[in-house]
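S.K.: can you look at this prediction? I've put the sequence above it.
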Amino acid sequence: MPDPYLVGSGRWCSICFPAGPPRSFIIARRMRKARPGCNECAGAGRIVFTAEEIVASTVAELRAHQGRAA
């Protein structure tokens, strides 16, 4: 399973962090314990991207880059 805290492998839960991502990892750890029953992230605080989402975003970035180069 990929590490959900690596940059680019997921996004912060919009329910647990409505104001955006936390300023530090320590704050995220505290907030994770505060919302164990979250329906969006199941209390993890992060939502890990699926392999399909990673491939789709990579293809979209490649197409945008190729469009700028032409």
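M.R.: Thanks, I have it. Nothing here was measured: the structure is a model prediction, and the numbers come from that model.
S.K.: Gly10: how many residues sit nearby?
M.R.: 21 (other CB atoms under 10 Å). C-beta: built from backbone N, CA, C; applies to glycine.
S.K.: could you pull up phi and psi at it?
M.R.: Taking degrees, to the nearest 10, you get phi -180, psi -180 for the backbone angles of Gly10.
S.K.: SS state for Gly43?
M.R.: At Gly43 the chain is in coil, as set by DSSP: H, G, I helix; E, B strand; the rest coil.
S.K.: now do the same for the nearest residue to it once chain neighbours are set aside: its pLDDT.
M.R.: Distances taken as CB to CB, 6 or more residues apart in numbering place Pro36 nearest to Gly43, at 4.1 Å, with adjacent residues excluded. Pro36 carries a pLDDT value of 74.
S.K.: cool, Arg29 as well?
M.R.: At Arg29, pLDDT is 58.
S.K.: what are the ranges of the strands in the chain?
M.R.: Using DSSP state E, the strands found in the chain span residues 10-12, 46-48.
S.K.: output these in CSV, with mean pLDDT and distance to Gly20 appended to each entry.
M.R.: CSV is the format used below for the strands of the chain (pLDDT from 0 to 100; distance: least, CB to CB, whole Å):
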stretch, mean pLDDT, distance to Gly20
strand 10-12, 83, 7
strand 46-48, 83, 13
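S.K.: tell me which of the ones you listed sits nearest to Arg68.
M.R.: strand 10-12 (25.1 Å; CB to CB).
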